[in-house]
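Engineer: Let's see this in three dimensions:
(4 chains)
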2 protein chains.
Amino acid sequence: MSDEQETRRGIPDATVARLPVYLRTLSVLADAGVATVSSEELACAAGVNSAKLRKDLSHLGSYGVRGVGYDVEYLIYQVGRELGLTQDWPVAIVGIGNLGHALAGYAGFATRGFRVVALFDVDPSVVGRVVGGLLVRPLGELEQVVRSEPIAIGVVATPAGPAQGVCDRLVACGVRSVLNFAPCVLTVPDGVDVRKVDLSTELQILAYHEQRKALRRIVQQGDDAPRARVGGVAQ
Amino acid sequence: MSDEQETRRGIPDATVARLPVYLRTLSVLADAGVATVSSEELACAAGVNSAKLRKDLSHLGSYGVRGVGYDVEYLIYQVGRELGLTQDWPVAIVGIGNLGHALAGYAGFATRGFRVVALFDVDPSVVGRVVGGLLVRPLGELEQVVRSEPIAIGVVATPAGPAQGVCDRLVACGVRSVLNFAPCVLTVPDGVDVRKVDLSTELQILAYHEQRKALRRIVQQGDDAPRARVGGVAQ
DNA sequence: ACGACTTTGTGCGTTCGTTCACAAGTGCCT
DNA sequence: AGGCACTTGTGAACGAACGCACAAAGTCGT
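Structural biologist: Next up is the predicted model:
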């Protein structure tokens, strides 16, 4: 695929989802003083197949050197640039409960171009307090603040009930990317991206596999004589 | 595919990942007093294609009635059973910082068979405090506690540094499912499942798409003439 | 300068997931 | 009883993603 096409069409979603992992792995290597890394080493550290890693990186361009590997610093720069981390992304968090509190103080935000610039809540007992060095504002000021300081990404950390309403208001203010921690599906117009982070969902997926593993053990025990094809069960 | 095969081989990962969403959507409907729902309605509420929803549900069995739809209560029971939510899953959280604090108090845990039974931290200023009704224990007691009250799922909410060590200790105690909030890749032996929740990754994915949208707007505006090279981004 | 060795970038077959489209089944109304 | 309107469950086509395997391209030692 030509570079022109690549730029126009974009990178496969599956690849984009892995780039942050590569980036973090690379940062660890850089901090350890590693200057060059092969796809095999990097893939192993990132927990993926090396061919997949190479194909992923090839979507960004040809930044490797055959027989040598990738220059760590240079690759960090290229991946970061592709992800848009060379820019500054102002973030607003709505809903400063337990989770919002944790998010406001999360160091990971600051490290990579993300800057929390505003916190909002409806609860009068929370409004006015300072969390993570920022004043918590009443939700009513959302429109005004977002207009004065353009917000790129809105984080919804409210309960499920008010989440859609908050999201609608964010979108109305021009926010086109939303990170949703509320346990519900958010509906947005075309051109707006939503990603959901759901602790409960993850736990339930783990529970499914856990149940499966328990079941398999039982089958294995009681399955001495007849049907011996226990080995074939594994994924 | 026969039911026998289905039970043995399991349900596709992509389907398992959506079941919790269906379950929550169904619960909302049930609370609203809805007795019966069609695949089209449920799919819309859950934000997926109706054919996909039907195929997903068909993996659990034939629980729909043609011409009518699905019985909400019955489907809730079946999905919950498939996910293993009829059982009780004891959960331990390691790392009671901002995030661990939020997790310990998260209501979503309790609602569906998950029961937080132990909290651990290394920080002496946190150990001994009561969070979400539970005493925070020193990390040294982990082995002892996990043995006396079998833990099904371990939640790692520590910084990246100690995460792998904590994970290893959990696995050594017999924990076979880990939910990882630390920004790093956890390596575990076969038979252990790990799922990662990463706020920073999600933000970076949003940033990528946000950058893309911004770029596209620029191209659209300045693309009257021949098409100069798009922002010179790729090279 | 040259050959042996290493590692990238990618073409290709395979697997997994999504979507369409429709036959088969169900309830309702006449 | 029979026809009609509606909905499920699924075969089949399509598309995305994965991983193997290898040629191309580079380094390093002699």
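
Engineer: quick one: the strands in chain A?
Structural biologist: A:36-37, A:64-65, A:69-71, A:89-94, A:114-121, A:130-131, A:134-138, A:153-156, A:177-180, A:193-196 (DSSP state E).

Engineer: Residue B:200: which of those is closest?
Structural biologist: strand A:114-121 (8.0 Å; CB to CB). Every residue, glycine included, has its C-beta placed from N, CA and C.

Engineer: quick one: buried residues of the closest one?
Structural biologist: Of all the residues in strand A:114-121, those buried under the rule 16 or more other CB atoms under 10 Å in any protein chain shown are A:114, A:116, A:117, A:118, A:119, A:120, A:121.

Engineer: swap in stretch A:57-66?
Structural biologist: Buried residues in stretch A:57-66, counted by 16+ other CB under 10 Å: A:57, A:60, A:64.

Engineer: same question, stretch A:189-209
Structural biologist: A:192-209.

Engineer: Give me the subset of these lying in helices.
Structural biologist: A:199, A:200, A:201, A:202, A:203, A:204, A:205, A:206, A:207, A:208, A:209 (DSSP state H).

Engineer: want to throw the residues you listed into TSV with distance to DNA strand D and pLDDT?
Structural biologist: Formatted as TSV, these follow (distance: CB to the nearest atom of the strand, whole Å; pLDDT from 0 to 100):
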residue	distance to DNA strand D	pLDDT
A:199	23	91
A:200	25	93
A:201	19	96
A:202	18	96
A:203	23	96
A:204	21	97
A:205	17	97
A:206	20	97
A:207	23	97
A:208	20	97
A:209	18	97
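
Engineer: Next up, the contacts around residue A:18.
Structural biologist: Contact analysis of residue A:18 by CB atoms under 8 Å, 6 or more residues apart in numbering or on different chains lists A:46, A:48, A:52, A:56.

Engineer: hmm, try it at 10 Å
Structural biologist: A:12, A:46, A:47, A:48, A:52, A:53, A:56, A:57, B:201, B:205 (CB atoms under 10 Å, 6 or more residues apart in numbering or on different chains).

Engineer: Is there a quick PyMOL command that grabs whichever of the residues you listed are buried?
Structural biologist: In PyMOL syntax, the buried subset of the contacts of residue A:18 is picked out as below (16+ other CB under 10 Å):
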select buried, (chain A and resi 46+48+53+56+57) or (chain B and resi 201+205)
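
Engineer: Which of the buried residues of strand A:114-121 lies at the shortest distance from residue B:106?
Structural biologist: residue A:121 (17.4 Å).

Engineer: Which strand residues bridge that closest one?
Structural biologist: Residue A:121 forms beta bridges with residue A:138, as assigned by DSSP bridges.

Engineer: where do the helices sit along chain A?
Structural biologist: Using DSSP H, helices in chain A cover A:3-9, A:13-31, A:39-46, A:50-58, A:72-83, A:98-104, A:107-111, A:142-148, A:160-172, A:199-222.

Engineer: Can you name every helix or strand that the shortest one contacts?
Structural biologist: The helices and strands touching helix A:107-111, judged by 3 or more CB pairs under 10 Å, 6 or more residues apart in numbering or on different chains; DSSP states H and E, are helix A:13-31, strand A:89-94, strand A:114-121, helix B:199-222.

Engineer: Since that was my last question, I'll sign off now.
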